[in-house]
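Q: whatever this is, show me its structure:
(one chain, ligands or ions: 2)
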Amino acid sequence: MAEAIKRILVTGGAGFLGSHLCERLVAQGHDVICLDNFFTSQKSNVTHLLDKPNFELLRHDVTHPIFLEVDQIYNLACPASPVHYQFNPIKTIKTSVMGAINVLGMAKRTHAKVLQASTSEIYGDPDVHPQPESYRGSVNPIGPRACYDEGKRCAETLFFDYHRSNGVNIRVVRIFNTYGPRMHPYDGRVVSNLILQALGGEDLTIYGDGSQTRSFCYVDDLIEGIIRMMNGPDDFIGPVNLGNTDEFTIRQLAEMILELIGSRVRIVSLPPVADDPTQRKPDIALARAKLGWEPRVKLRDGLARTIEYFRGLDLSQYRRPTQRTSPVIASSAH
Ligand code: NAD
Ligand code: UDP
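A: Ligands and ions are numbered 1, 2, ... in the order given. Purely as a prediction, here's the structure:
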């Protein structure tokens, strides 16, 4: 039987993940409202959807209430890259906390189901490896990443309190490093940074000795996981980890990018970044068991697609959300 058409709000819908999510939901025939303040994105991510009758674009800031009638809400609005979320840390906390309160209030009023895009950052610099959902984390509450980590932790708390106190139908996904086409070219994240540096013939910058690890998930896999979680059984509300379990050091990532591009530029080591997690890899046993989900795209294949995307990008069409593209450069300037 065909799935019933729903009215779906995607906050942060013009961003990297949000634009892929909107695309999938529009293709499924749903009525999609994409809400964004365009802090770390621009309209061009969703221009191809603008002429679809089941797509609507709203410029709005989630820290302010908004009244819409919807059946589902995906709450993705929040700057996600360290250089962007540290640019105005107080605004980042407001976005996470007040944004959560506003979408939860809307869900309570409309009886919509609401999904929170949480993050592996809630585990901080983990001393349990890989990280299962039961691990409570090791976050520095007063460090430079706290505005994001603690904001997202508080949002999770709000989601579970609205669920327990008001019966709101929630879902919480903890997203691990995700990459792919439509990452912002100036977001300073490792994948976009290193690819653009290699394509531009510049040295690749590694913060610290490059032995810190991450596990990189291709965007298509991640979006599939988010949609499955939203539409999964009501007795499984999360939190659930979504990410790829193949773990790489940042140096290995840099070497793979150079090999794929066929570049001979150098890999240079810059000073380490404060509170940079030393290792990160999701335990996805829960997602496998409850959602039948696991990532399919290998890093090498996903990187090749992402490199092709960045090769074709006209950088002159992109505004820098902030002047900072590197926490190292920013901190050494102080
Ligand atoms: P992104 O920066 O591309 O997207 C975030 C979007 O939210 C942008 O379009 C931005 O303009 C918008 N936004 C920011 N503040 C807003 C506000 N106050 N009001 C309205 N819109 C606002 O980042 P992304 O990678 O697409 O991340 C999307 C979500 O997923 C974020 O909540 C992020 O924390 C979460 N997440 C992403 C990753 C990842 O690796 N990509 C990992 C963990 C969690
Ligand atoms: N990093 C790096 N060089 C860069 C950008 C990032 O070495 O040009 C490192 C960063 O210090 C971190 C990892 O790559 O250890 C991932 O950084 P990113 O900003 O992509 O995301 P994070 O997982 O830290 O939120």
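
Q: can you count the residues close to the closest residue to residue 64 other than its chain neighbours?
A: Leaving aside its sequence neighbours, residue 64 sits nearest to residue 102 (CB to CB, 6 or more residues apart in numbering; 7.3 Å). For the C-beta atoms, the positions are set from N, CA and C on the backbone; glycine is no exception. Residues lying near residue 102 (other CB atoms under 10 Å) number 22.

Q: so what does residue 22 look like in phi/psi?
A: phi -60, psi -40 (degrees, to the nearest 10).

Q: wait, it touches residue 56, no?
A: No. Between residue 22 and residue 56 there is no contact under CB atoms under 8 Å: 10.1 Å.

Q: which SS class is the closest residue in space to residue 94 that isn't next to it in sequence?
A: Leaving out its chain neighbours, the residue that sits closest to residue 94 by CB to CB, 6+ apart is residue 63, at 4.8 Å. Following DSSP: H, G, I helix; E, B strand; the rest coil, the label given to residue 63 is coil.

Q: burial of residue 63, as a residue count?
A: Using other CB under 10 Å, residue 63 has 17 neighbouring residues.

Q: also residue 16?
A: Neighbour tally, residue 16, other CB under 10 Å: 25.

Q: now swap in residue 232 and tell me
A: 18.

Q: what helix or strand does it sit in?
A: Using DSSP states H and E, residue 232 maps to neither a helix nor a strand.

Q: looking at it, it is touching residue 290, isn't it?
A: Yes. Residue 232 is within contact range of residue 290, at 6.7 Å (criterion: CB under 8 Å).

Q: count of neighbours near the one residue in the chain that gets nearest to ligand 1?
A: Nearest residue of the chain to ligand 1, counting by CB to the nearest ligand atom: residue 15, 2.2 Å away. Using other CB under 10 Å, residue 15 has 31 neighbouring residues.

Q: likewise residue 83?
A: Using other CB under 10 Å, residue 83 has 23 neighbouring residues.

Q: leaving out the residues flanking it, which one is nearest to it?
A: residue 188 (3.7 Å).

Q: and the pLDDT for the one you found?
A: You'll see residue 188 listed with a pLDDT of 92.

Q: pull the number of nearby residues for it.
A: 23.

Q: where's it, which helix or strand?
A: Take DSSP H and E as the rule and residue 188 turns out to sit in neither a helix nor a strand.

Q: again with residue 241
A: Element membership for residue 241, per DSSP H and E: strand 240-242.

Q: what's in contact with whatever helix or strand comes next after that strand?
A: Moving toward the C-terminus from strand 240-242, the next helix or strand (DSSP H and E) is strand 247-249. Residues from elsewhere that reach strand 247-249 (CB atoms under 8 Å, 6 or more residues apart in numbering): 130, 210-216, 256, 279-281, 299.

Q: where exactly do the strands run in the protein?
A: In the chain, strands defined by DSSP state E lie at 7-11, 31-36, 55-59, 72-75, 113-119, 170-175, 178-179, 204-207, 213-215, 217-218, 240-242, 247-249, 267-270, listed in chain order.

Q: circling back to that earlier point, the strand holding residue 241 packs against which elements?
A: Here strand 240-242 touches strand 170-175, helix 219-230, helix 285-291, going by 3 or more CB pairs under 8 Å, 6 or more residues apart in numbering; DSSP states H and E.

Q: thinking again about what came up before, tell me which of the strands of the chain sits nearest to ligand 2.
A: Between ligand 2 and the strands of the chain, the tightest spacing by CB to the nearest ligand atom is seen for strand 204-207, at 3.6 Å.

Q: which strands and helices lie in contact with the closest one?
A: Going by 3+ CB pairs under 8 Å, 6+ apart, strand 204-207 lies up against helix 190-199, helix 250-261, strand 267-270, helix 327-332.

Q: what lies in contact with the first one?
A: If I follow you right, that is helix 190-199. Helix 190-199 has contacts (CB under 8 Å, 6+ apart) with 179, 183-185, 203-205, 214, 216, 250, 253-254, 257-258, 261, 263, 265, 303, 306-307, 310-311, 325-326.
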